[in-house]
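# no FASTA, just this:
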């Protein structure tokens, strides 16, 4: 498993963990306003997933869907799975071709600007982590206990339990 596989796998898995917690919450909690980030759990989770969707569309030179997608928890769970697969495909292609420094055009910038695949992929992953920390904070303020750590070791442990780590993976540094 490459470092890229770890980053991408952890990123989507952790977002899904937070969505699973939010699936048990009433709409009043999902839409409660806080003085942080995008102000609600729903809007912040949507923002994380929307970012994955938009940036992957841009890197694939495809039209960007600006309809804001399904913002129910179930809808966002579906959207993150689709976005994860698409981003993984783009990132693995970039890795396979060693195209980290190759440029694509961000047509949403005014004027449009060239950006590298490597920096865009790193941006998506770090952006998600930043906002997931805000989601964890909002969940704490909402009285939710037993929150996930959200770290890569937890992800690796969870996927090892279901046999998703290649057999030769030793877990050593």
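Received, thanks. None of the values given here were measured: they were computed from a predicted structure.

# tell me where the model's unsure across this structure.
Low-confidence segments of the chain (pLDDT under 70): 164-173.

# which non-adjacent residue is nearest residue 38?
Distances taken as Cβ to Cβ, 6 or more residues apart in numbering put residue 44 closest to residue 38, at 4.4 Å, once the chain neighbours are dropped. Heads up, the C-betas are built off the backbone N, CA and C, glycines and all.

# ok, the one you found - contacts?
Contacts for residue 44 (Cβ atoms under 8 Å, 6 or more residues apart in numbering) come out as 37, 38, 131, 134, 135, 138.

# can you do 6 Å?
For residue 44, the contact set (Cβ atoms under 6 Å, 6 or more residues apart in numbering) comprises 37, 38, 131, 134, 135.

# by neighbours, which of those wins?
residue 135 (26 neighbours; other Cβ atoms under 10 Å).

# what residues does that one make contact with?
Counted by Cβ under 6 Å, 6+ apart, residue 135 has contacts 18, 44.

# let's go with 7 Å and repeat that
Residues near residue 135 by Cβ atoms under 7 Å, 6 or more residues apart in numbering: 18, 41, 44, 45.

# could these go into JSON lines alongside distance to residue 156 and secondary structure?
Below are those laid out as JSON lines (distance: Cβ to Cβ, whole Å; DSSP: H, G, I helix; E, B strand; the rest coil):
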{"residue": "18", "distance to residue 156": "18", "secondary structure": "helix"}
{"residue": "41", "distance to residue 156": "26", "secondary structure": "helix"}
{"residue": "44", "distance to residue 156": "25", "secondary structure": "helix"}
{"residue": "45", "distance to residue 156": "23", "secondary structure": "helix"}
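
# which of the residues in stretch 66-74 are buried?
Under the neighbour-count criterion of 16 or more other Cβ atoms under 10 Å, stretch 66-74 has 69, 73 buried.

# for it, the distance to its chain's centre please.
Centre-to-centre, stretch 66-74 and its host chain are 15 Å apart (Cα atoms, centre = their mean, to the nearest Å).

# list the contacts of it.
By Cβ under 7 Å, 6+ apart, the residues outside stretch 66-74 that reach it are 19, 22, 23, 42, 46, 50, 53, 75, 76, 79.
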